[in-house]
Each structure stands twice: as structure tokens, then as C-alpha cells.
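Participant: Sequence and predicted structure are below.
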Protein chains: 2
Amino acid sequence: MTSTPDDAAVSAWLALARAYRLAFATFEARLKAENLPPMAWYDALWELEKAGEAGLRPFELEQAMLFEQYNLSRLVERLARVGLVERCACPEDRRGQVLSITAEGKATRARMWRVYGEALAETIGGRLDDGELRLLADLLRKLG
Amino acid sequence: MTSTPDDAAVSAWLALARAYRLAFATFEARLKAENLPPMAWYDALWELEKAGEAGLRPFELEQAMLFEQYNLSRLVERLARVGLVERCACPEDRRGQVLSITAEGKATRARMWRVYGEALAETIGGRLDDGELRLLADLLRKLG
DNA sequence: TTGATGTCGATGCAATTGCATTTATATTGC
DNA sequence: GCAATATAAATGCAATTGCATCGACATCAA
């Protein structure tokens, strides 16, 4: 039985939390410094861009982003309000809607990526070599 | 030049973010289910408990927790309000104060640890063996 | 000294998040 | 068919967070 974690698990978790928070805070700060929207906007825009023409239902986006339903609802509202995302009535389920990214949304995502990607390269790519990065990703995926 | 990150860095970051958010959300949910305070309270209490009699200055706690100054100020206020932490005037710097954990604070932290630790053992310890955990921690520390 | 600048911590206000509930539509069991 | 239950998304309200700034003291330079 795994009732109390051993030191190795605790150390790994603490290192995980610290690495994540540090990197995330860096990315957010760089975006803000360039007057760009926060990371959550990027994630939503990217999921929608990947989804293409078909778009995504809010609940699908919610799962992809690990977002709470009410938070997603409001995030989408903000994105729609400034024209980065479009909401259409869903033909198959009249409770729902279909979200898709607009041209302006794609442009904003691309602008964000220049900043986010550069910070990512520095903060993550610059500190581990390719083999280490792959190993890290594999280990982390076992936690999912 | 690291201007655009390569795939390995992006995959590692995405896996890192997903693993962190999943684990963190699990821990928070378990604590709430037991009517216990959130993770941030745990972190603060633990840092103060480790610091012992001498206590910590708010700005030290801020650095240890990677918290914003104003958020820490308010967190400490809440902790003090319910008697888990004590604030004393700092003898060496009259702008500042010294924080220390109370007996009740220690008891609360211990109660939280039973829940948090168990979830940690399940979510982290249960999915990787000891060697993998050590390797993961080492890789993550290179990102710090 | 003393005036300029820096650091510690708090706080007013706006934006965001969490929680509980609501509205609207789908689905399921009888 | 229809009542009971489930799911999609929104929302009122309280709590928290982010931002800018403040007040108090410390430090430094002349």
C-alpha cells in the first residue's frame, strides 16, 4: 500500500512543481511585457487552430485544456468579444455551440508564439539536450 | 541561437504542464473533499515549520514559495486570522515582521499531510519506480 | 546630518476564479 | 409518450488575484 510517499516521490513532485511554476511565470511575464494575452488564451487558440474547420465544442476544449467548465465559458466569452474566436449554434445539439478560431485569432496566436516559443527554447530547450528532453517527456507522460 | 524551440523541448514542456496540472488538481480536490485548506496553505505552513523557532520574514517565504508579494501578504493575513501563524514585530528591521507557525498550525499541516501525502504517493510514487523518480527529479532540477 | 533612493509589507480597485445554481435541451427507463 | 435523470453551457455572488501605489523605515552618497 502506498499510504505515505517515499522521499523520491516527494522530491520529484517538488522539483516538478518548481520547474513548472518557474517556466510558467517566465512565459506569462514575457507575453505581458509584449502586451500580449496570457497563456490560457494561447492554449485555447492553439487547440482551436489544430481542430481546423470543424472547430470544437466547448466541452471538448475544456477537456483538452484541463479547465473548469465555468472558467472555459468565460474565457471563450472574452475571446469571442475581441473577435479571436467565433461561436456558432451547434446543428447536432441545440444546447451546445461550436467554436472556431478566426483569422485574427490565428494572427494573434502566431504573434504570441514568437514570444512564447522563444522563451520556451531558452527556459527548457536551452537547459537539457535532446536526449534528456525526450527522456523527461517520457517520464512525465507516465504520470498522466 | 535558440529562437524557435525544437519539438523535443515543446513536447517536454507540454508533458510537464499536463503532469503538473493534473497532479495539482488532484491534490486540491482531495484536500477540499476532506474540508482542509488548499495547497498554498500547506506550502506556507511547511516552510514555516521547517524554519523552526527562528521563523521567517515574509519576503523569505515569498521567495521559497515563488509567490507574488501581495499574494503572500494576503495569504499570511488569512493564516494569522485563523491562528495558524503568528506575526511578531521584527527586532532588526522595523518595517518588517517575523512569521512563525503555531501549535495549531502544525496540527493542521499534519492533518493536511495525511491527505496530500497519500495522493502524492498514488499519483506520483505509484506510477514511477524509485530510479525513475530520481532521474525525473534530476532532470527537472536542471530546469531551475 | 539630510536628501535621494531602495526595500518591506499593506491596500484600493479592477479582473478573474470558485461555487452553487439555473436554463435549455438530450437521453433513458418505464 | 412522458416523467426522471443527465448533460451543455451560462451566471449571480463571494473569494481570490493582479496591478498600481502607498506608507514606513533603511541605506547610501555627499
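Facilitator: Structure's in. What do you need?
Participant: from here on, contacts and neighbour counts on C-alpha atoms
Facilitator: Will do.
Participant: Quick one: residues contacting A:Arg134.
Facilitator: By CA atoms under 8 Å, 6 or more residues apart in numbering or on different chains, the contact set of A:Arg134 is B:8, B:11-12.
Participant: which stretches of chain A form helices?
Facilitator: Using DSSP state H, the helices assigned to chain A run over residues A:7-33, A:39-51, A:58-65, A:69-81, A:103-120, A:130-141.
Participant: Just send the ones you listed back as a markdown table, with mean pLDDT and distance to B:Gly131 too.
Facilitator: Output for those, formatted as a markdown table (pLDDT from 0 to 100; distance: least, CA to CA, whole Å):
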| stretch | mean pLDDT | distance to B:Gly131 |
| --- | --- | --- |
| helix A:7-33 | 97 | 8 |
| helix A:39-51 | 98 | 33 |
| helix A:58-65 | 97 | 30 |
| helix A:69-81 | 98 | 38 |
| helix A:103-120 | 98 | 27 |
| helix A:130-141 | 98 | 11 |
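Participant: Switch these over to TSV; also include distance to B:Arg78.
Facilitator: As requested, these are exported to TSV (distance: least, CA to CA, whole Å):
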stretch	distance to B:Arg78
helix A:7-33	23
helix A:39-51	28
helix A:58-65	31
helix A:69-81	25
helix A:103-120	35
helix A:130-141	34
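Participant: Quick check, A:Thr26 in contact with A:Ala119.
Facilitator: Yes: in this structure, A:Thr26 is within contact of A:Ala119 by CA atoms under 8 Å, at 7.4 Å.
Participant: okay, these two: which has more neighbours?
Facilitator: Neighbours were counted for A:Thr26 and for A:Ala119 using other CA atoms under 10 Å in any protein chain shown; A:Ala119 has more, 25 against 16.
Participant: how much space between that one and B:Ala9?
Facilitator: A:Ala119 sits at a distance of 11 Å from B:Ala9 (criterion: CA to CA, to the nearest Å).
Participant: Same question for A:Glu34.
Facilitator: Counting by CA to CA, the gap from A:Glu34 to B:Ala9 is 22 Å.
Participant: do A:Tyr70 as well
Facilitator: Using CA to CA, A:Tyr70 is found at 31 Å from B:Ala9.
Participant: Can you pick out the residue with more neighbours from those two?
Facilitator: Taking other CA under 10 Å, A:Tyr70 and B:Ala9 do not tie; B:Ala9 has more neighbours (28 against 10).
Participant: For the closest residue to that one other than its chain neighbours, give me the pLDDT.
Facilitator: Nearest non-adjacent residue to B:Ala9, counting by CA to CA, 6 or more residues apart in numbering or on different chains: A:Gly125, 4.9 Å away. Looking at A:Gly125, its pLDDT stands at 96.
Participant: And the residue nearest the centre of chain A?
Facilitator: A:Asp43 (3.3 Å; CA atoms, centre = their mean).
Participant: surely A:Glu86 meets A:Ile101?
Facilitator: Yes: with contacts counted by CA under 8 Å, A:Glu86 reaches A:Ile101, the gap being 6.2 Å.
Participant: and the two? which has more neighbours close in?
Facilitator: Set A:Glu86 next to A:Ile101 and count neighbours by other CA under 10 Å: A:Ile101 wins out with 27 against 19.
Participant: For the nearest residue in space to the more buried one that is not next to it in sequence, grab the count of nearby residues.
Facilitator: Counting by CA to CA, 6+ apart, A:Val85 is the residue found nearest to A:Ile101 once chain neighbours are left out, at 4.5 Å. By other CA under 10 Å, 23 other residues sit near A:Val85.
Participant: ok, A:Val85 to A:Gly117 distance?
Facilitator: Taking CA to CA as the measure, A:Val85 falls 22 Å from A:Gly117.
Participant: What of A:Glu92?
Facilitator: A:Glu92 sits at a distance of 37 Å from A:Gly117 (criterion: CA to CA).
Participant: quick one: which of the two has more around it?
Facilitator: A:Gly117 (20 against 9).
Participant: does that one really touch B:Pro5, like I thought?
Facilitator: Yes: applying CA under 8 Å, one finds A:Gly117 in contact with B:Pro5, separated by 5.9 Å.
Participant: follow-up on the earlier one: let me know whether the residue nearest to B:Ala9 touches B:Asp7 as I believe.
Facilitator: No: with contact defined as CA under 8 Å, A:Gly125 does not count as touching B:Asp7 (9.3 Å).
Participant: For A:Val85, which residues are in contact?
Facilitator: A:45, A:76, A:79, A:99-102, A:105 are the contacts of A:Val85 under CA under 8 Å, 6+ apart.
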